[in-house]
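Enquirer: Structure, please.
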Amino acid sequence: MARILLLLLPGVLCGQASYQYFLNGNAADVKTKTTAGVLLAGGGKDVDVAVRWFLNRAGGGDVVVLRASGTDAYNPYFHKLAAVDSVETIIFKSAEASREPFVLDKIRNAEAIFFAGGDQWNYVRFWRNTLVAEALNEAIKRGVPIGGASAGLAILGEFAFAAEHDTVTSAVALADPFHEKVSVHRGLLAIPRLACLITDSHFSKRDRMGRLLVFMGRIRNETECKDVRGIGIDERAAVMLDENGQAEVRGEGSAFLVRLRGTPVEVQAVPSGSRFDWDKWSGPAGGRYELKVEAGVVKSTAGAIYGTR
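Expert: Sure thing, here's the model as predicted:
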């Protein structure tokens, strides 16, 4: 009966000064067999088929959504898409929540973890060098599927654009790669296939190729990573990366595989409906081109110009 009552309630709220907690489903913990994988979503409208793929990897277990703003809107949406034991949303209000035993237990017992959109600086400043970061990386090691959209996507790579001083446009970043807004931090997470990699969202709509190149250049020049990869994902598009290193793009738009290991920069656009080999960083034939930067503007061999805004 308790399970039925909880399912009928749209969200059970536990008010705390440092966080809010919402539950849809069974309050008791369950243990299920998970399948590792990463969902990288570009923001905007969620891609149902990709989200369902992610949720199914929880094996019917407990899904935890972490965010620092917004509502529990993912709870009923996730429950509608897949048969899971529960969907729980924790909204962090301050860094104090990163020391709360209740919050840590929820992360440690999760069968899937999803990072919502918002402001990624909140994630970095609330979680960096905390027990939450440790719990998240322990979850990755035990094969829990991980996903993120928009700001949640930003923190998935080893490196992250942290937005410490607000966002930055391609035009500003290209004009001054050391501008205070170009805040590239070592990421919070240690996902093996996302080493020496940085992500970017809302990619084509917001003309973000230029700033992604600046981020990658900073990583290559300032760290031990000399083969740097970046992935830009369009709005309403998502990449599903499975445990074998095979990836598929779904939704609208494309994913852009960018590689900086010398001159020029190598790019491949992978459209929705296509698969690619993540480990080889190579997709189907076509969509490949090279980039070079001239006077703060990025030009491609395909004829496109980036970084004007």
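Enquirer: which residues pair with residue 247 across the strands?
Expert: residue 241, residue 276 (DSSP bridges).
Enquirer: The closest residue to residue 283 other than its chain neighbours: neighbouring residues, count only.
Expert: Spatial nearest neighbour of residue 283, chain neighbours left out: residue 276 (3.3 Å); criterion: Cβ to Cβ, 6 or more residues apart in numbering. (C-beta placed from N, C-alpha, C; glycine too.) By other Cβ atoms under 10 Å, 22 other residues sit near residue 276.
Enquirer: again, but for residue 144
Expert: 24.
Enquirer: Please give me every residue in contact with the residue nearest to it when sequence neighbours are not counted.
Expert: By the measure of Cβ to Cβ, 6+ apart, the closest residue to residue 144 outside its immediate chain neighbours is residue 34, 5.5 Å from it. Neighbouring residues of residue 34 by Cβ atoms under 8 Å, 6 or more residues apart in numbering: 57, 58, 59, 61, 111, 112, 142, 143, 144, 145.
Enquirer: Mind checking which of those are buried?
Expert: Buried members of the contacts of residue 34, scored by 16 or more other Cβ atoms under 10 Å, are 57, 58, 59, 61, 111, 112, 144, 145.
Enquirer: Mind putting those into JSON lines with distance to residue 50, pLDDT and secondary structure?
Expert: Formatted as JSON lines, the buried ones among the contacts of residue 34 follow (distance: Cβ to Cβ, whole Å; pLDDT from 0 to 100; DSSP: H, G, I helix; E, B strand; the rest coil):
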{"residue": "57", "distance to residue 50": "11", "pLDDT": "98", "secondary structure": "coil"}
{"residue": "58", "distance to residue 50": "14", "pLDDT": "98", "secondary structure": "coil"}
{"residue": "59", "distance to residue 50": "18", "pLDDT": "98", "secondary structure": "coil"}
{"residue": "61", "distance to residue 50": "19", "pLDDT": "98", "secondary structure": "coil"}
{"residue": "111", "distance to residue 50": "18", "pLDDT": "98", "secondary structure": "coil"}
{"residue": "112", "distance to residue 50": "13", "pLDDT": "98", "secondary structure": "strand"}
{"residue": "144", "distance to residue 50": "17", "pLDDT": "98", "secondary structure": "coil"}
{"residue": "145", "distance to residue 50": "12", "pLDDT": "98", "secondary structure": "coil"}
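Enquirer: Check those against residue 67 and report the nearest one.
Expert: The nearest member of the buried ones among the contacts of residue 34 to residue 67, counting by Cβ to Cβ, is residue 112 at 14.7 Å.
Enquirer: distance of the nearest residue to the closest one once chain neighbours are set aside from residue 204?
Expert: Of all residues not flanking residue 112 in the chain, residue 58 sits nearest, at 3.8 Å (Cβ to Cβ, 6+ apart). Residue 58 sits 31 Å away from residue 204, going by Cβ to Cβ, to the nearest Å.
Enquirer: same question, residue 79
Expert: Taking Cβ to Cβ, one finds residue 79 at 32 Å from residue 204.
Enquirer: And for residue 77?
Expert: Using Cβ to Cβ, we find residue 77 at a distance of 25 Å from residue 204.
Enquirer: who's in contact with the residue nearest to residue 112?
Expert: 32, 34, 82, 84, 111, 112, 144, 145.
Enquirer: List the residues that contact the most centrally placed residue in the chain.
Expert: Centroid-nearest residue in the chain, with Cα atoms, centre = their mean: residue 153, separated by 1.8 Å. Neighbouring residues of residue 153 by Cβ under 8 Å, 6+ apart: 40, 41, 42, 43, 115, 199, 200, 201, 233.
Enquirer: could I get stretch 144-157 in CSV with only the CA atoms?
Expert: Extracted in CSV, the C-alpha atoms of stretch 144-157 (Å, rounded to 0.1, in the frame of the first residue of the first chain):
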residue,chain,number,x,y,z
VAL,A,144,25.9,2.9,-12.9
PRO,A,145,24.7,4.7,-16.1
ILE,A,146,25.3,8.4,-16.0
GLY,A,147,23.6,11.2,-18.0
GLY,A,148,23.4,14.9,-18.3
ALA,A,149,21.7,17.6,-20.3
SER,A,150,22.9,21.2,-21.0
ALA,A,151,24.7,22.2,-17.7
GLY,A,152,24.6,18.5,-16.8
LEU,A,153,26.3,17.7,-20.0
ALA,A,154,29.0,20.3,-19.3
ILE,A,155,30.3,18.3,-16.3
LEU,A,156,30.5,14.9,-17.8
GLY,A,157,34.0,15.2,-19.4
